[in-house]
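# missing the sequence, but the structure's below:
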């Protein structure tokens, strides 16, 4: 592809040499090291896709067209971004554009490509992406307040015997969104692009605000406390409650070891199984279907076996399901395996919330639920970060399989400890 097939031209006899054999003519030579694809590499009348590849053509386009036209001291540095003096500080500015089809591709998607590319350009300028970090931090803070706030209202809306079913129903709404959301997003993207889908998503929160405004909530008793003081109250109650202690041990293990599989579903679809956007949609949908089934059936199952036993048995099933999912030879087995993972993980996670709901007194319910939210908010990203680093070394398959094996060891050890101490699973409310 570098012009080496052009070498016969160098040995072709010159017509002039045939006319006058006595006139010595130099043999034409071609410097093969100067050739590159596409050939020639200059004087294109139109901009080609190759000009956006970041190589020699991109450099020539910048040097011959953009730099002379927009000449200024900031642009002449030809850096990954512009360093601008704004007030008393300095601001790094970078912009990028991508033409990607399909939007989800092996190794990533257009969203991660845009974010990673922009952050990389800013980092090469010596800048820190503080804006993105601040937005992510604020979004996490809002979510941390939202979950216990909504969950605290459930006991005021349903009778006590239906509380666990209400917890499952609230979780089912989220997972139904995971199942049907991508389909609606695809329609919105086809109609008006990604920005239309994002605007529709933002507008959907208005419906939630209207629903909350129409419901009359009972204000639970209790004194006002600072945020961290209230969280400390929840931690103290969790330590003093046998039901909460037993649940938190399993919850910490589940969130740190098993939960990161959620973050790696797109990578499993593309990098491990070699699929694209369709494979990613199949896996996300299968996990959502399993979680929805768990949410709708938890009430009846927990009434029969008890929440504590449901959580322990669910984790005992989640461990081998993760092993099956990680070792699946193809997408055809990964889809049903991930549905089982979603089912068992759904039972376990919802039962954790149910235990906290039933164990906490009314005055401390929000603070106890905040403990659950704190465990999830801290251990999930840390677990995903650690497993992501391990996946770069040993592969995502082995990390997923290993998480299932490690979870099984933890659950088995917990069960053996209960058996050795002659204790039954602590009934809720004691």
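Sure, I can see it. The structure displayed is predicted, hence computed values, not measured ones.

# neighbours of residue 265, how many?
19 (other Cβ atoms under 10 Å). In short, each C-beta sits where N, CA and C put it, glycine included.

# ditto for residue 188
Using other Cβ under 10 Å, residue 188 has 18 other residues around it.

# distance check, it against residue 46.
33 Å (Cβ to Cβ, to the nearest Å).

# quick one, what contacts the nearest residue to residue 371 once chain neighbours are set aside?
Take residue 371 and drop its neighbours on the chain: the residue closest to it by Cβ to Cβ, 6 or more residues apart in numbering is residue 234, 4.3 Å away. Applying Cβ atoms under 8 Å, 6 or more residues apart in numbering, one finds that residue 234 lies in contact with 364, 367-371.

# so how do I select the buried members of the residues you listed in ChimeraX?
Buried residues among the contacts of residue 234 (16 or more other Cβ atoms under 10 Å), as a ChimeraX selection:
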select :364,367,368,369,370,371
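
# out of the contacts of residue 234, which is nearest to residue 68?
Among the contacts of residue 234, residue 370 lies closest to residue 68 (Cβ to Cβ), at 59.8 Å.

# thought residue 146 was touching that closest one, still the case?
No - look at residue 370 against residue 146 with Cβ atoms under 8 Å: they stay out of range, at 11.2 Å.

# before we move on, the earlier item: which one of the contacts of residue 234 is nearest to residue 83?
Distances from residue 83 to the contacts of residue 234, taken by Cβ to Cβ, are shortest for residue 370, at 42.4 Å.

# what comes up buried for stretch 116-127?
Per 16+ other Cβ under 10 Å, stretch 116-127 contains these buried residues: 118, 121-122, 125, 127.

# show me where the protein has its strands.
82-86, 89-93, 104-105, 108-109 (DSSP state E).

# could I get the contacting residues of the spatially most central residue of the chain?
With distances taken as Cα atoms, centre = their mean, residue 263 lies nearest the centre of the chain, 4.2 Å away. Residue 263 sits next to 384, 388 when contact means Cβ under 8 Å, 6+ apart.

# any idea of the pLDDT on residue 252?
Turning to residue 252, the model gives it a pLDDT of 91.

# and what of the one 3 residues further on?
Model confidence at residue 255, expressed as pLDDT, equals 92.

# looking at it, it is touching residue 382, isn't it?
No - when contacts are counted by Cβ under 8 Å, residue 255 is not listed as touching residue 382 (9.2 Å).

# give me the more crowded residue out of these two.
Applying other Cβ under 10 Å to residue 255 and residue 382 shows that residue 255 carries more neighbours, namely 22 against 13.

# could you measure from the more buried one over to residue 346?
For residue 255 relative to residue 346 (Cβ to Cβ), the value is 14 Å.
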